[in-house]
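Q: How does the following fold in three dimensions:
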Amino acid sequence: MAGASIHLLNRRFLVASALKSAQDEGIGGNVQDKRVLILGGTGRVGSSTAIALKKLCPSLRFIIAGRDRQRGSSVVSTLGENAKFLEVDIDNIKSLEAAFNGVDMVVHTAGPFQRAENCNVLNVAISSKTPYVDVCDDADYAWRAKSFHAQAVAAGVPAITTAGIYPGVSNVMAAELVRAARTDKKNGEPERLRFFYYTAGTGGAGPTILTTSFLLLGEDVTAYSQGKKMKLKPYSGMMKIDFGKGIGKRDVYLFNLPEVSSTHKVLGVPSVSARFGTAPFFWNWGMIAFGKLLPAEFLQDRNKVQRLVQIFDPIVRATDSIVGERVSMRVDLECSNERTTVGIFSHKKLSVSVGMSTAAFALSMLEGNTQPGVWFPEEEGGIPVEEREMLLQRASMGTFNFVMNKSPWMVETNPKELGLGIYI
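A: Reported below is the predicted structural model:
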């Protein structure tokens with residue numbers, strides 16, 4: 001046990017040293033001066049990703065692509081001389097093809113991905129042989145992207161879909177919990193995987209996250225129970241989950257999120273579900289009410305939902321200014337011997353953390369770690385097992401609580417004591 005602890009400490013020291021070297025020297029010669037196209041770069045996620053990538057690798061060159069030249073100029077000013085703005089319409093193939101000319105990677109952050117009718121960006125990435133990362137958070141879009149796997153392999157193009165904070169980092173956390181459980185045979189076989197997410201308000205992302213949330217209210221929730229696929233009502237199945245220090249116990253509800261089906265298939269865990277909750281508490285009540293009062297046809301119409309969001313946007317922004325934008329993820333893995341292991345990731349600012357998480361995936365791909373094909377984050381072709389710890393270390397920069405592979409009582413705020421120092 002002592003030897004294992006020393007090995008773990010040495011490994012963490014090496015990772016920390018590598019991170020410091022990366023920040024000081026720009027990661028490595030194979031990455032320096034490469035050109036990264038960020039679609040949706042004028043938005044919260046895209047601009048945050050660019051800022052995080054610059055922090056990790058100052059010599060990268062950025063093309064900030066979007067429709068708003070004024071906002072684009074502001075982002076470029078923040079990034080400095082190695083950045084420029086390019087007006088791009090992702091629904092226009094010729095506009096996309098022109099934007100891809102001469103770039104070494106595209107990061108697609110132009111959401112929301114819900115109800116998107118095509119994978120134009122991925123198509124152009126494959127045809128132009130450009131490495132691709134997206135921050136998709138929609139199950140249908142994710143599997144549509146995955147259907148291009150054979151074409152990407154044939155073209156020699158590496159691509160990762162659903163590579164943000166959640167899904168994305170949460171998938172890699174789940175993969176590491178499953179790997180650790182299967183490595184230690186006394187744990188038994190992984191049987192149930194549960195994702196829990198919390199953000200204060202909209203996490204500072206404003207209309208995009210609110211639009212995504214409303215659109216998800218129009219979708220039945222996919223979950224798996226002992227290998228059987230289930231369809232459940234959105235924003236149902238409330239649970240009170242302890243996210244540990246700085247967050248505490250929060251109500252979370254079932255949502256239809258892509259990591260449920262991808263981790264079920266890729267990691268082979270028979271029971272998988274995902275829940276999400278927000279603050280203040282009345283936002284959860286409001287979402288439940290909207291889900292019951294608004295017809296499914298309305299909630300499935302992207303244009304109608306975006307118009308509704310415009311009405312609520314001032315109220316949402318005012319609330320966000322009060323409640324902040326803390327974010328937390330908790331991933332629980334239960335094994336056949338009834339042992340549960342947990343991973344927790346908490347940050348004060350979602351708008352910062354989502355950028356650092358996305359940048360971690362982009363940088364790993366720039367370093368040549370992703371094989372040709374379209375991959376989910378938990379697949380070894382996307383992020384190899386030996387690279388997962390580095391990705392998680394990069395993504396968790398700035399977190400105030402990041403732990404992996406711990407028992408629940410070690411991370412919860414008020415664990416239950418059975419006596420004699422035994423907790424559950």
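Q: Let me know the helix or strand that A125 is in.
A: In the assignment (DSSP states H and E), A125 maps to helix 120-127.
Q: who touches that helix?
A: 39, 90-91, 93, 96-97, 100, 106, 108, 110, 130-132, 134, 145, 148, 151-152, 155, 157, 159, 161, 374 (C-beta atoms under 8 Å, 6 or more residues apart in numbering). C-beta coordinates here come from the backbone N, C-alpha and C atoms, glycine included.
Q: what comes up buried for it?
A: 120-126 (16 or more other C-beta atoms under 10 Å).
Q: and it, average pLDDT?
A: The average pLDDT for helix 120-127 rounds to 97.
Q: CA-only coordinates of that helix in PDB, if you can.
A: Extracted in PDB, the C-alpha atoms of helix 120-127 (Å, rounded to 0.1, in the frame of the first residue of the first chain):
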ATOM      1  CA  ASN A 120     -22.000  20.400 -41.900                       C
ATOM      2  CA  VAL A 121     -18.900  21.300 -39.900                       C
ATOM      3  CA  LEU A 122     -17.800  17.700 -39.400                       C
ATOM      4  CA  ASN A 123     -18.400  17.000 -43.100                       C
ATOM      5  CA  VAL A 124     -16.200  19.900 -44.200                       C
ATOM      6  CA  ALA A 125     -13.600  18.900 -41.600                       C
ATOM      7  CA  ILE A 126     -13.400  15.400 -43.100                       C
ATOM      8  CA  SER A 127     -13.300  16.600 -46.700                       C
END
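Q: sorry, back to before: just the buried ones among the contacts of helix 120-127, please.
A: Among the contacts of helix 120-127, those classed as buried by neighbour count (16+ other C-beta under 10 Å) are 39, 90, 96, 100, 106, 108, 110, 130-132, 134, 145, 148, 151-152, 155, 157, 159, 161, 374.
Q: Mind checking which of those land in helices?
A: Mapping the buried ones among the contacts of helix 120-127 onto helices (DSSP state H) picks out 96, 100, 145, 151-152, 155.
Q: Pick the one among those residues closest to F276.
A: Using C-beta to C-beta, A145 comes nearest to F276 of these, at 21.7 Å.
Q: Let me see the domain layout of the chain.
A: Using automatic domain parsing, the domain ranges for the chain come out as 2-165+351-395, 169-350+401-419.
Q: Average pLDDT for the strand or helix carrying N284, rounded please.
A: Per DSSP H and E, N284 falls inside helix 281-293. Taken as a whole, helix 281-293 has a mean pLDDT of 79.
Q: residues in contact with it?
A: By C-beta under 8 Å, 6+ apart, helix 281-293 touches 201, 213-214, 217, 233-235, 251, 253, 277-278, 299, 319.
Q: Distance from the next helix or strand after it to the middle of the chain?
A: As assigned by DSSP H and E, the chain's next helix or strand after helix 281-293 is helix 296-299. In terms of C-alpha atoms, centre = their mean, to the nearest Å, the centre of helix 296-299 is set 26 Å apart from its chain centre.
Q: What are the contacting residues of helix 296-299?
A: Contact with helix 296-299 is made by 214-215, 217-218, 290-291, 304-305, as judged by C-beta under 8 Å, 6+ apart.
Q: Grab the two from those that are most spread out in space.
A: G291 and K304 (15.0 Å).
Q: Could you check which of those two is surrounded by more residues?
A: Taking neighbours as other C-beta atoms under 10 Å, G291 and K304 compare with G291 leading, 19 against 14.
Q: Please report the distance of the residue lying closest to that one once chain neighbours are set aside from S351.
A: Residue nearest to G291 in three dimensions, not counting chain neighbours: L217, with 4.5 Å by C-beta to C-beta, 6 or more residues apart in numbering. Distance check for L217 against S351: by C-beta to C-beta, to the nearest Å, it reads 23 Å.
Q: Over to L391?
A: Separation of L391 from S351 (C-beta to C-beta): 20 Å.
Q: Among the two, which residue is more densely surrounded?
A: Neighbours were counted for L391 and for S351 using other C-beta under 10 Å; L391 has more, 24 against 19.
Q: okay, the residue nearest to that one when sequence neighbours are not counted: pLDDT?
A: Nearest non-adjacent residue to L391, counting by C-beta to C-beta, 6+ apart: A360, 4.9 Å away. pLDDT for A360: 98.
Q: just to revisit the earlier point, narrow the contacts of helix 281-293 to those in helices?
A: 213-214, 217, 299, 319.
Q: Pipe these into JSON lines and attach pLDDT per row.
A: JSON lines is the format used below for those (pLDDT from 0 to 100):
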{"residue": "S213", "pLDDT": "78"}
{"residue": "F214", "pLDDT": "77"}
{"residue": "L217", "pLDDT": "81"}
{"residue": "L299", "pLDDT": "80"}
{"residue": "T319", "pLDDT": "74"}
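Q: Since that was my last question, I'll sign off now.
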